[in-house]
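1. fold the stuff below for me.
(one chain, ligands or ions: 1)
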Amino acid sequence: MKIVFTADNHLGCYYARMTPAQLERRRLALRLAFSQVVDYALENEVDLFLQGGDLFDQPDPRNVEIAFVTGQIKRLESAGIQTVLIGGNHDTPRSSGAPGSMAPHRILSHSNAVIYLAGADGPESVHLSTRHGEIIVGGLSSDPRLQPGDDPLQGASFSDNIPSVLLMHYSLADHGWVAGEPVVKRESLAACGAGIVLLGHNHRSFRQTVGAVTVISAGATERLDFGEIGNRPGFWVLEIENGGLQTDFVTLTPQPMHRLRIAAEDLAGDDPTAIILEHLSEIADEGAMLRLDIEGTLSRAAYHRLRLTEIWRRGTEQSFYFDLGLSGLILAEEEFPTADISVNPQEELRRAAAEMTASRHDDAGRRLVGEALKTALARLHGEGCRPEL
Ligand SMILES: [Mn+2]
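-> Prediction:
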């Protein structure tokens, strides 16, 4: 029996800093990645198509994405391939009990060829007959009610319908788990009864053994942000025959992505902008997502010589999408250049305080303004010294 397993396709993913045209092209790339998984399933005549959550990036996907997935499922159905899906943390409504809230997977499961294991009351399993034999597939959708550190398999019971393949959308302990989300403990995984556990959620693919269980993390079908630049997108093919398991990871070609880091210390010269533009032109690629990070300590003078708008414009022209990261940039502590500027900050503070005092009709208010002025002047002269007023 041949199975295709994919997860974290994140169809319709939103990028706040893309132009509407870029966003549409990016979303098309995400759909294209998913359709390549379906192409593979059709060309290789697999028996089952399993999706491990976060098919959509939101619980309320746009019609474009719903229509697209419906079309892909139709293709699978026409080839006699059944689809089983679960919900992920992105595409499951936060409160499934709220009036009118419904997982988008319910729309898809109107097709007879689609089974959605919502798992609102614990794990579910379903008995399937394929061209190459029978199989029980279990599913544990992402449950928004779980607290950080909770184990979704704790107390989970399949009664006597123990799945041979279990689909989940959770992190595995000691493997990509970040504090703040639920976590599957290794002990409960080893004891769950399933022979193969297929995990969505971790965008990095891996295969490992926990007790007698083979654990496979799907990995995403595209690198969703610059933090995933080292990931290899793709999907898995499983072949189960006479109790034996063979697995293959099929890679997909992602949209090119470059990350450029420039040390602030290298920008101390007369024209730091020129240095950056030269670096940018070296990796210019109109099809690529590009992120430039300027990191380290920069003097205020050098910072003012940086023409950020020009850098941003050139980066945008030379790439599909340009992101400029300045969060790692620190401005050097320097003396405040009071002598060179036409505005006298002390005078400005006193003037503002006088205006505020004049508009106050209560003594407490006036005292407060006086205190604030004192503090502000003290800060201006450097912490700790007491100015004479
Ligand atoms: Mn997820």
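
2. thinking residue 360 is in contact with residue 369, fair?
-> Yes - counting by C-beta atoms under 8 Å, residue 369 is a contact partner of residue 360 at 6.6 Å. The C-beta positions use only the backbone N, C-alpha and C, and glycine is treated the same way.

3. neighbour-wise, which of these two wins?
-> Set residue 360 next to residue 369 and count neighbours by other C-beta atoms under 10 Å: residue 369 wins out with 18 against 13.

4. now that one: which helix or strand?
-> Take DSSP states H and E as the rule and residue 369 turns out to sit in helix 363-380.

5. helices and strands around that helix, which ones?
-> helix 345-359 (3 or more C-beta pairs under 8 Å, 6 or more residues apart in numbering; DSSP states H and E).

6. which residues touch the closest residue to residue 117 other than its chain neighbours?
-> Closest residue in space to residue 117, ignoring its immediate chain neighbours: residue 139 at 2.8 Å, by C-beta to C-beta, 6 or more residues apart in numbering. Contact analysis of residue 139 by C-beta atoms under 8 Å, 6 or more residues apart in numbering lists 84-86, 117, 119, 123-126, 166-168.

7. in strands, which of those residues fall?
-> Counted as lying in strands by DSSP state E, out of these, are 84-85, 124-126, 166-168.

8. residue 9 is in contact with residue 30, correct?
-> Yes - using C-beta under 8 Å, residue 30 makes contact with residue 9 at a distance of 6.7 Å.

9. the longest helix along the chain: which residues count as buried?
-> Identified as the longest helix of the chain according to DSSP state H is helix 20-43. Neighbour counts over helix 20-43 (16 or more other C-beta atoms under 10 Å) mark 22-23, 26-27, 29-31, 33-38, 40-41 as buried.

10. by contact count, what packs against that helix?
-> strand 2-6, helix 63-78, strand 234-241, strand 319-325.

11. swap the cut-off to 6 Å and go again
-> helix 63-78 (3 or more C-beta pairs under 6 Å, 6 or more residues apart in numbering; DSSP states H and E).

12. how many residues are close by residue 3?
-> Residues near residue 3, counting by other C-beta under 10 Å: 25.

13. wait, I meant residue 161
-> Residue 161: 14 surrounding residues under other C-beta under 10 Å.

14. roughly how far does the residue nearest to it when sequence neighbours are not counted sit from residue 157?
-> Among residues not flanking residue 161 along the chain, residue 125 sits closest, at 4.6 Å (C-beta to C-beta, 6+ apart). Computed as C-beta to C-beta, to the nearest Å, the residue 125 to residue 157 distance reads 11 Å.

15. between the two, point out the one with more neighbours.
-> residue 125 (23 against 12).

16. list the contacts for that one?
-> 136, 138, 158, 161, 163 (C-beta atoms under 6 Å, 6 or more residues apart in numbering).

17. in ChimeraX, how would I select just the buried ones from these?
-> Selection of buried members from the contacts of residue 125 for ChimeraX, criterion 16+ other C-beta under 10 Å:
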select :136,138,158,163
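
18. let me know the closest of the contacts of residue 125 to residue 52.
-> Taking C-beta to C-beta as the measure, residue 52 lies nearest residue 138 of the contacts of residue 125, at 11.9 Å.

19. before we move on, the earlier item: so the residue nearest to residue 161 bridges to which residues?
-> Taking DSSP bridges as the rule, residue 125 bridges to residue 138.

20. can you report how many residues lie near residue 301?
-> Residues lying near residue 301 (other C-beta under 10 Å) number 11.

21. residues in this structure within reach of the ion, list them.
-> Contacts of the chain with the ion, taken as C-beta under 5 Å from the ion, map to 54, 88-89, 201.

22. need the residues you listed in CSV (columns: secondary structure, neighbour count and distance to residue 1).
-> Formatted as CSV, the residues of the chain next to the ion follow (DSSP: H, G, I helix; E, B strand; the rest coil; neighbours: other C-beta atoms under 10 Å; distance: C-beta to C-beta, whole Å):
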residue, secondary structure, neighbour count, distance to residue 1
54, coil, 28, 25
88, coil, 27, 25
89, coil, 20, 29
201, coil, 26, 25
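
23. same list (the contacts of residue 125) but as TSV, adding pLDDT and secondary structure.
-> Converted to TSV, the contacts of residue 125 look like this (pLDDT from 0 to 100; DSSP: H, G, I helix; E, B strand; the rest coil):
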residue	pLDDT	secondary structure
136	95	strand
138	94	strand
158	77	coil
161	81	coil
163	90	coil
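
24. out of the contacts of residue 125, flag the one nearest to residue 172.
-> Within these, proximity to residue 172 (C-beta to C-beta) peaks at residue 138, which comes in at 16.5 Å.

25. residues contacting the closest one?
-> Counted by C-beta under 6 Å, 6+ apart, residue 138 has contacts 123, 125, 163, 166.

26. state the distance from it to residue 127.
-> Taking C-beta to C-beta, one finds residue 138 at 11 Å from residue 127.

27. any idea how far residue 304 is from residue 262?
-> The value you get for residue 304 to residue 262, if C-beta to C-beta is used, is 17 Å.

28. which of these two has more neighbours?
-> Comparing residue 304 with residue 262 by other C-beta under 10 Å, the one with more neighbours is residue 262, at 18 against 10.

29. surely the more buried one is within a helix?
-> No - counting by DSSP: H, G, I helix; E, B strand; the rest coil, one finds residue 262 to be strand, located in no helix.

30. is it in a bridge, and if so with what?
-> Here residue 262, judged by DSSP bridges, has bridge partners residue 294.

31. do I have it right that it meets residue 294?
-> Yes - counting by C-beta atoms under 6 Å, residue 294 is a contact partner of residue 262 at 5.3 Å.

32. ok so, going back, what residues does the helix holding residue 369 touch?
-> For helix 363-380, the external contacting residues (C-beta under 6 Å, 6+ apart) are 345, 349, 353, 356-357, 360, 387.

33. quick check: mean pLDDT of it?
-> What helix 363-380 shows for mean pLDDT is 91.

34. over to stretch 282-298?
-> Mean per-residue pLDDT for stretch 282-298: 93.

35. same check, this time on stretch 240-257
-> Mean pLDDT, stretch 240-257: 94.

36. ok, whichever residue of the stretch 201-350 of the chain sits closest to the ion - contacts?
-> Using C-beta to the ion, residue 201 is the residue of the stretch 201-350 of the chain that sits closest to the ion, at 4.1 Å. Going by C-beta under 6 Å, 6+ apart, residue 201 touches 169-171.
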